[in-house]
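> starting from these lines, generate the structure:
(2 chains)
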Amino acid sequence: MVVLCTVLAAPLVVVLWSLVDPAGDVWRQMWETRLPGMIRDTLTLVAAVLTGTLVLGTGLAWLVTAYDFPLRRVVGWVLVAPLAMPGYVLGMVWLNTLSDPLGARGVRSIWVCAAVLTFTLYPYVYLFARAAFREQSGHAVAAARSLGCSPARAFWRVTLPTARPSLAAGAALVAMEVLTDIGTVRMFNVSTIADGVIRVWFDNGDRDAATEIAVLLVGAAVLLITAERLLRGRARYASTTGSLPTPPQRLSPLGSAGALLAAATVITVAIALPVRRLVLWAQEAERNDQTATVAGDLGYHLGNTLRIAGAATATCIVAGIALTMVVRRRGRPGRVLGRLCTIGYAVPGPVVAIGTVVLLTTLERHGLLPGGMLTVGTFAALIYALTVRFVAAGYQGTDSSMAKIPPQVVASARTLGARPWRVATRVELPLARAGVLAAAALIAVDTVKELPITLLLRPFGRDTLSVWVWQATSQSLWSQAALPSLAILAVGMVPVAVLLYALERGAEVVS
Amino acid sequence: MERDPDVVTVYTGRHYGIEDVFDQFTEETGIKVRFTSGSDPELRERLVAEGDNSPADIYMTADAANIDLAATAGVLRAIDSPVLEAAIPEDLRSADDYWFGLSERARVVMYSTERVTDPPVTYAEVGDPMWNGRLCMRPSTLPYMQSLTAALIDQFGEDDTRAMVESWVANDPLYIDSDVDIIKAIDKGDCDVAIANTYYLGQIQAENPDIAVAISWPDQDTRGAHVNVSAAGITANAPNPTGAQQLIEWLATDGNGTFANSNYEYPANPEVTESPIVAAWGDFVANTGAVRRLGELNSTAVDLLSDAGYK
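Numbering: from 1, shown residues only, chains lettered A, B, ... in the order given. From the prediction side, this is the model:
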């Protein structure tokens, strides 16, 4: 546990080390100038995006699980698709599209930024909510209905409270994504704390001060984790019987039309219009013969993206499962520690990247890295940094599915003489496999979209699709960013499909 | 790190047309160039963090301040090159030969030729209340904005510069994080006046010669328009310093035209002529004297921008 935790948290510890000697001047100066605005913008943005994603994610999940209407299954799948859309791509598209109606000034607002983030992040809540609604025992809802509850009342009184742990997990993911976003907020002139960290670090060249501000983010993450714990409370919702969920209620033709319209609107904003715009841009780039960079063509960037995302996902899942296993044997303190050592999720990518560089070069200088392995600029170093950043999703995914396994099942296995390791591999993991696969898919999508760490740590000859997008957008060459953006979307759809498949299968096994 | 004498490794914060230039160098010399791009300060931080292990031979920036800060941080080495000393004017290279400017760009006032007849002719006039709500600016995260401020501090002192920046802020500028988008915003009518780099206008004019945006050269009666450089230096631990020096020397001489003109910049080598689009803007007084001081004044400039409420 200690070893695993140290490995996962070391780059951040290195960064946080600067706190040993805090610089009061920087704080005073920051407090007198930008800090209050940064805190205000951050809180506003997080609150707005959380509200948006919770309403959208929970509402849509409820729509496709509790009601039946034509194309319901397809709608249920398609609503997950925006997961593959990077915020910086959706932001780029809407910034350009809305510049005309809203004006260049009007479009650069915290609310448009919040909307863009909501439409890229709501699938996190949607997925968690849908899984929760599906995994729920139908008995409780059936009982409520038989006692005279309307479907709506049963939703508020039974379904929603029961889904609380999952909603909290989804919301926590969303909040962390917002707290650490840099690309999208900058596009819309929103000065968040993460943006401030990067400003102080790279503009003032003051790593120590930047780190001290980054601590605010880590603090916010700890608060979030605590909030999630409190929301979960001591409640444990597990069902012992393999009952089927309540059959969805058939909607009237009018209701069906409404449901389809709602889903279609979301998809239009989040995927359809942006894709259309990207295709138009890509055609323009094609006409101008700008569909490759000097490093290579689509195939080259695609190959690198797949290699990096694949390796990072595998590492995150292995580390996440290992962590869950050791943590679960240690009760509450173990869990707190488990959360703390996956705090990389709360730290902006560039901070993780530089922490990794400082750590690895220090180790190398002292001859502690075997034979040039893991040195900066290697594939392994990049994967390590990505793991530090994204392992939380693997850990949280595994942990929250395991929490749903009825304790009796584990107890029975132990009573029958199985050792903890055997229980874990033969009972707990198979039962949690829907959650593990979902986590793997989330990490895969995240690493395909990831930019700052890949940009800073990619080895030579390993330019990814996201790096290509950055190279084009940093020069405002929107049309040249279109093809790699579409490719990121297409690649991201694969884990999304895997995830849906896993959820379909998982639902049978777990609920 | 591999030490292949036929490969030079470049960390570059300058992106425009860099590939074609390196390809041409490889064709002429047989030395391959591999490069990784990023923002100037991020690459500098990576160099500092990598220390002895850095695979980089050359650090190339689009701004004098960042490369000078890298020299101060000890990650560059002095270059002893009569070729470079002959090719690059003294103002455009570091005092102790840690870096050499390869091309110049000016950060100037641009305005709408349709709606503005009397554009600002100094940086201070951009703060005139008549531009309230009509101004577009880049956020201060941009090294060019920091270096412009540093050059103004060099010329006018901190107090006057602060007053100037505050007068810009008082005009409620629309901050847009892209010079290209700023110029297009002037064309579309979202703002009338802005401060932007010359070569972005060149890029746009190459595609659309009739864009209704023109340059107003600022401070022509005093020290001149603020200029900055794309510059290169050899890293302290360069695995291939010989090849690195060869590349920089080539970029300052035979390759200087391709390097500067492919991006509509002014060649740093006075012997090389600029592209027709750039030549058409006419002559101007350039404040080259401040280029060497941009690094040391950078942190003062960043703090001043922040204090003045500049986004």
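
> strands of the stretch 51-200 of chain B, start to end?
Per DSSP state E, counting those that start in this stretch, the stretch 51-200 of chain B carries strands over the ranges B:58-61, B:76-77, B:100-112, B:135-137, B:174-175, B:193-197.

> could you point out which element follows the helix or strand containing residue B:246?
Assigned by DSSP states H and E, residue B:246 belongs to helix B:241-252. Moving toward the C-terminus from helix B:241-252, the next helix or strand (DSSP H and E) is helix B:256-261.

> and the helix holding residue B:246, how far out from the chain middle?
How far helix B:241-252 lies from its chain's middle: 20 Å, per Cα atoms, centre = their mean, to the nearest Å.

> check stretch B:99-113 too.
That offset, for stretch B:99-113, works out to 7 Å (Cα atoms, centre = their mean).

> so does that stretch get close to chain A?
No: judged by Cβ under 8 Å from any Cβ of the partner chain, stretch B:99-113 makes no contact with chain A; its nearest approach is 13.4 Å. C-beta here means a position set from N, CA and C on the backbone, and glycine is covered the same way.

> which residues does the helix or strand of chain B with the lowest mean pLDDT contact?
For chain B, using mean pLDDT, DSSP states H and E, the weakest element among its helices and strands is helix B:40-50, scoring a mean of 83. Contacts to helix B:40-50, defined as Cβ atoms under 8 Å, 6 or more residues apart in numbering or on different chains, come from residues A:201-203, A:205, A:207, A:350, A:354, A:357-358, A:361, A:376-377, A:455-456, B:11-13, B:36, B:38, B:54, B:56, B:59, B:61-63, B:66-67, B:69-70, B:73, B:75, B:143, B:235.

> buried ones among these?
A:201-203, A:205, A:207, A:350, A:354, A:357-358, A:361, A:376-377, A:455-456, B:11-13, B:36, B:38, B:54, B:56, B:59, B:61-63, B:66-67, B:69-70, B:75, B:143, B:235 (16 or more other Cβ atoms under 10 Å in any protein chain shown).

> looking at those, which are in helices?
A:207, A:350, A:354, A:357-358, A:361, A:455-456, B:66-67, B:69-70, B:143 (DSSP state H).

> closest to residue A:149 out of the residues you listed?
Here the nearest of those to residue A:149, counting by Cβ to Cβ, is residue A:350; it sits at 50.2 Å.

> and the closest residue to the closest one other than its chain neighbours, how far from residue A:304?
Once flanking residues are discounted, residue A:350 sits nearest to residue A:452: 4.6 Å by Cβ to Cβ, 6 or more residues apart in numbering or on different chains. Separation of residue A:452 from residue A:304 (Cβ to Cβ, to the nearest Å) stands at 16 Å.

> swap in residue A:115?
32 Å.

> then residue A:200?
31 Å.

> leaving out sequence neighbours, find the closest residue to the residue in the stretch 301-450 of chain A that chain B sits nearest to.
Residue of the stretch 301-450 of chain A nearest chain B, by Cβ to the nearest Cβ: residue A:357 (3.9 Å). Spatial nearest neighbour of residue A:357, excluding adjacent residues (Cβ to Cβ, 6+ apart): residue B:49 at 3.9 Å.

> burial of that neighbour, as a residue count?
Residues near residue B:49, counting by other Cβ atoms under 10 Å in any protein chain shown, number 23.

> do the same with residue B:132
Residue B:132 - counted by other Cβ under 10 Å - has 12 other residues nearby.

> show me the contacts for it.
Here residue B:132 is in contact with B:170, B:171, B:172 (Cβ under 8 Å, 6+ apart).

> is it true that the first one touches residue B:126?
No: counting by Cβ atoms under 8 Å, residue B:170 stays clear of residue B:126, with 11.0 Å between them.

> neighbour count winner among those two?
Neighbour count, other Cβ under 10 Å: between residue B:170 and residue B:126, residue B:126 has more, with 24 against 14.

> ok so, going back, residue A:431 versus the residue of the stretch 301-450 of chain A closest to chain B, what's the distance?
In terms of Cβ to Cβ, residue A:357 sits 40 Å off from residue A:431.

> same deal with residue A:383?
Counting by Cβ to Cβ, the gap from residue A:383 to residue A:431 is 29 Å.

> which of the two has more neighbours?
Between residue A:383 and residue A:431, counted using other Cβ under 10 Å, residue A:383 has the larger neighbour count: 22 against 19.

> tell me what the helix or strand that one falls within is packed against?
Here residue A:383, judged by DSSP H and E, is contained in helix A:379-403. The contact analysis (3 or more Cβ pairs under 8 Å, 6 or more residues apart in numbering or on different chains; DSSP states H and E) places helix A:379-403 against helix A:2-16, helix A:160-180, helix A:298-328, helix A:331-340, helix A:349-365, helix A:433-449, helix A:452-457.

> wait, what's in contact with residue B:36?
Neighbours of residue B:36 in contact, by Cβ under 8 Å, 6+ apart: A:458, A:460, B:10, B:11, B:12, B:43.

> tell me which of these is nearest to residue A:286?
When the contacts of residue B:36 are compared against residue A:286 (criterion: Cβ to Cβ), the nearest one is residue A:458, at 26.2 Å.
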